[in-house]
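**Student:** the sequence and its predicted three-dimensional model are supplied below.
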Amino acid sequence: MNIYITRLNAMGNIMQTMQCMAAEIAHQLGFREMGVYHYNANAEKAGERAVRFDGMIAGMSAGDIVVCQFHTWNGLKFERGLVDHIKAYHGRVIIFIHSLEALMIKSSRFMLGETIELYNQAEALIVPSHEMKKLLLDSGIRGDMKFIVQEMWDYTTEMELRTMPIFRKEIHCPGVAPQLVQNWKYEIPLKQDAGLKPDELLMELSRGGFGLEWHHDEQAYQYMRYGSSYTLSRYLAAGIPVIVPAGISCQKLIEENHLGLVADTLDEAVKDVEAMEESQYQEYVRHVGRFAPALRNGYYTKKCLIDAVLALFREDMGRGLSQAADAYELGEYEFLTVSLKKSYGGNRALSWNMSGKPDGFLIYDTSGKLVEETDNSYQHYSLIKEEGMEGFVIKAYVNTLKGKMIVAKSAPVYLHVESKDAAPLVSVVIPAYNAENYVVRCIDTVLAQSFADMEVVIVDDGSVDHTPDILVWYAENYQNIRVIRQENAGVQAARNAGIMHAKGEYTGFVDSDDMIRPDMVERLYECIKSNGCDIAITSGYEINHRGYSPIMQHSIKEDTAFTAEDFLRMYASGGYAMPAVWNKLYRTSLVKEHLFPLIRYEDEAWTPYVLSYAEMICYLNICAYEYDRINCGSSLVDAWARKSKEEVFQDHKCSILFYLEQGNPKRLELLKKLAKSELSSFMKALAYVGYEELRKQVEGMG
């Protein structure tokens, strides 16, 4: 048995380059080559084309396998004829889909049905992404088709890249991206990579900066959503981090391997580059450096070719599914928890937690009436403002070419108020001041937690709006809620009051304008207990008018105990960018002994302070906290902007001196390193002479 792979010739563009690279990698596996020449196939008569095909497959024997790299740019008639001839000689066909012309080119959408008919002639399909697999199944690919997912293109080279990329705030873009260059409006330079030979280009890219793979219109974005980018792999092979739009096919691979920035808009991406420190950049470079050798040596192509051949001989590999909907389930989409609780004002608070990320949700009452529809794939809470409806069903959907496809359905959920008299294991403290517009949402998401042994301590910091009425209602309706009222003294004093009233073994904080996901407390509690830690940390989402952006993500092993020294070392090196108090669960005895200082920027002061007294710390990258900047973020920014540089400096000085003077003396050197790192950032951002003087003072401490 021989195995052949087609190779496109005489086209002279990136499509030919990709096919030639795949063929050369296949040669290393013992594949033979079957040449395909790009020509005006539509002008060729059927008899002439048949002679051409006979010549192409002349060396093939019955039972041989041919991997057809499609599309050939010779048209569907040519590709159908090639497959028909291979099968007529009892050859076996694998189609390696590089791109789908009916998706890439809007005027070619009419070809989708014929393309599906062609692909159905193969025994196996190599597709660039899981999204492409789903699209093909939606569009009529037969249910028993074998699928192999490529995930990412290789970028092979024999060059040795011996130098590490250096930190440069510059962005590279493909040589054929005129729209990007023409519309570029940012101070960070955009370098268009054109006119260089492949090895020269790789060497130039390896010097540093970021690789940008972006779209200029909806059609280009759809291609990135379903396809796999060769340009993207070139940047990674060169060893530099990438910038890509959210929603593309390899987003998860980039995020989980820490290969670069994923952003909703170019504005957001450029802002992230402008704010990046050298230590953060080098962390990306380190991860890309580990990832790149696989691309440079062709391992993705080798793997998908080997798996595709094996799938022809094994029943348990690459199976498609009888129905397109099943492709979305596969255990990927499932409602894990659903709860329905009474909410303030006679409303109902519906909350849910699910695996997988659908495109939206449909909420029905138990009679089948549609109550709400949302295209927010991150949503996990809905306030239903109709009294009398006692039960609901939630359906998750994904968007397909045929419309919304239901991928998961919850069991009916009915109103239930839990009664807990046992001592709580976890206390959640919520400080609230004039929060009538959003505190209901916050409390509802805390009450929706899958962790039952929990109390909620809400501290009303002297509110003068309707916040006290709201809190009284919750205390009267939920036994696990306690409300503490005090004269207005600030969020620091409110948190301290909550700490002193906390009865749980562990304590967490939630700000009144934020939300938490339904499994946050349970996941952090399990992590902190199983690892014997003092503090458990989660990543989160920042919510702004652009959407949801992951924050507080760290490239450290999850669900593993780290010493406080190791974590502070990462913090001081710039690997922990946000000193938040609310994305953590703390041992209560630790926070009772180390209360918040009554100063501005208390989070900057208290976070390193309390970390310095911990022994062991663990982390989960589950984005369970939602930091909402839409409700009151702009007012805080405006208030900060009205301050003079001297006022801002004095606030920063107080916070830094607090954790240096009050922090654990055993960890003073690490705290000093953190302070100098923060002062360096402040000096760059604010250009105020006081920061340099304070840095010298810090160096002399101890």
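**Tutor:** Yep, it's here.
**Student:** show me where the stretch 151-300 of the chain has helices.
**Tutor:** Using DSSP state H, counting those that start in this stretch, the helices of the stretch 151-300 of the chain run over 178-182, 198-205, 218-226, 230-237, 251-256, 266-275, 278-296, 299-311.
**Student:** deepest in the core, which of the ones you listed is it.
**Tutor:** Highest mean neighbour count of the helices of the stretch 151-300 of the chain: helix 230-237, a mean of 25 (counted as mean count of other C-beta atoms under 10 Å). C-beta coordinates here come from the backbone N, C-alpha and C atoms, glycine included.
**Student:** output the helices of the stretch 151-300 of the chain as CSV; include the columns distance to R441 and mean pLDDT.
**Tutor:** Formatted as CSV, the helices of the stretch 151-300 of the chain follow (distance: least, C-beta to C-beta, whole Å; pLDDT from 0 to 100):
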stretch, distance to R441, mean pLDDT
helix 178-182, 39, 75
helix 198-205, 46, 87
helix 218-226, 31, 77
helix 230-237, 38, 92
helix 251-256, 27, 90
helix 266-275, 25, 89
helix 278-296, 32, 92
helix 299-311, 44, 95
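**Student:** tell me the first helix or strand C-terminal of the least confident helix or strand in the chain by mean pLDDT.
**Tutor:** Between all helices and strands in the chain, the lowest mean by mean pLDDT, DSSP states H and E belongs to helix 324-329, at a mean of 42. Next in sequence after helix 324-329, counting helices and strands by DSSP states H and E, comes strand 334-343.
**Student:** and the residue of the chain positioned farthest from its centre, what element?
**Tutor:** For the chain, the residue at maximal distance from the C-alpha centroid (C-alpha atoms, centre = their mean) is G47, at 52.7 Å. If you go by DSSP H and E, G47 is part of helix 46-56.
**Student:** so R207 is in contact with L161, correct?
**Tutor:** No. Using C-beta atoms under 8 Å, R207 makes no contact with L161, being 10.0 Å away.
**Student:** picking up where we left off before, how about the helices of the stretch 151-300 of the chain in TSV, adding distance to H172?
**Tutor:** Below are the helices of the stretch 151-300 of the chain laid out as TSV (distance: least, C-beta to C-beta, whole Å):
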stretch	distance to H172
helix 178-182	11
helix 198-205	6
helix 218-226	17
helix 230-237	7
helix 251-256	16
helix 266-275	12
helix 278-296	14
helix 299-311	22
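**Student:** out of the ones you listed, flag the one nearest K341.
**Tutor:** Of all the helices of the stretch 151-300 of the chain, helix 251-256 sits nearest to K341, with 32.4 Å by C-beta to C-beta.
**Student:** before we move on, the earlier item: list the buried residues in the helix holding G47.
**Tutor:** Across helix 46-56, burial judged by 16 or more other C-beta atoms under 10 Å covers 49, 52-53, 56.
**Student:** averaged pLDDT, that helix. What do you get?
**Tutor:** The predicted model gives helix 46-56 an average pLDDT of 89.
**Student:** show me the contact partners of stretch 34-51.
**Tutor:** 4-11, 16, 52, 56-57, 66, 69, 72-75, 77-78, 81-82, 85 (C-beta atoms under 8 Å, 6 or more residues apart in numbering).
**Student:** which strand or helix spans K133?
**Tutor:** Per DSSP H and E, K133 falls inside helix 130-139.
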